[in-house]
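# Attaching a predicted model along with its sequence, questions to come.
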Amino acid sequence: HNSNTNSTRHRRGSTKDESQAGIVTVVDTIKLFGSSIHDERQNWIIAHFQAHTEPVSHLQFNPSGHLLVTCDISGHYFNVLEIQASPYRCTRTYIKHLYTLFRGDTDCI
């Protein structure tokens, strides 16, 4: 978790059900599904962080896989994050918050 992602948090209200809202986990599917034997020691989690305080409705990587755009469920906040994956551990992955884009006050459906 990188402190740069703290600025991406936006809160309209809070409930107990929202304690896990906005969490993103990036997984290496080649490592996860590529082996016929599942090895728990294999590090297939690339990153795990809170992108929003509301549930995430959309995620999109750029073609290189280094930039990630996330959108909250209301469609108000879009975060642009740079992800520099560590080949060793997800705790060494660098996540840099680049931008927050805001789209109006009405919900996007």
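That came in fine, so what should we check first? The structure displayed is predicted, hence computed values, not measured ones.
# secondary structure element for the most centrally placed residue in the chain?
The centre of the chain sits closest to Val24, judged by CA atoms, centre = their mean, with a distance of 3.4 Å. Assigned by DSSP states H and E, Val24 belongs to strand 23-27.
# Parallel or antiparallel, list what pairs with that strand.
strand 45-50 (antiparallel) (DSSP bridges).
# Adjacent strands (with direction) for whichever helix or strand comes after the partner strand?
Next along the chain after strand 45-50, taking DSSP H and E as the criterion, comes strand 56-61. Sheet pairing of strand 56-61 (DSSP bridges) gives strand 67-72 (antiparallel).
# and the strand it pairs with, which residues are buried?
Judged by neighbour count (16 or more other CB atoms under 10 Å), strand 67-72 contains these buried residues: 68-72. Glycine gets a C-beta too; all of them are placed from N, C-alpha and C.
# Can you identify the element that follows it toward the C-terminus?
Downstream of strand 67-72, the first helix or strand assigned by DSSP H and E is strand 77-84.
# Summarise which helices and strands that next one is packed against.
Contacts defined by 3 or more CB pairs under 8 Å, 6 or more residues apart in numbering; DSSP states H and E place strand 77-84 against strand 67-72, strand 94-102.
# What angle do strand 56-61 and it make with each other?
40 degrees (axes from the mean of the first three to the mean of the last three CA atoms, to 10 degrees).
# picking that back up, buried stuff in the strand holding Val24?
Here strand 23-27 shows 24, 26 as buried, counting by 16+ other CB under 10 Å.
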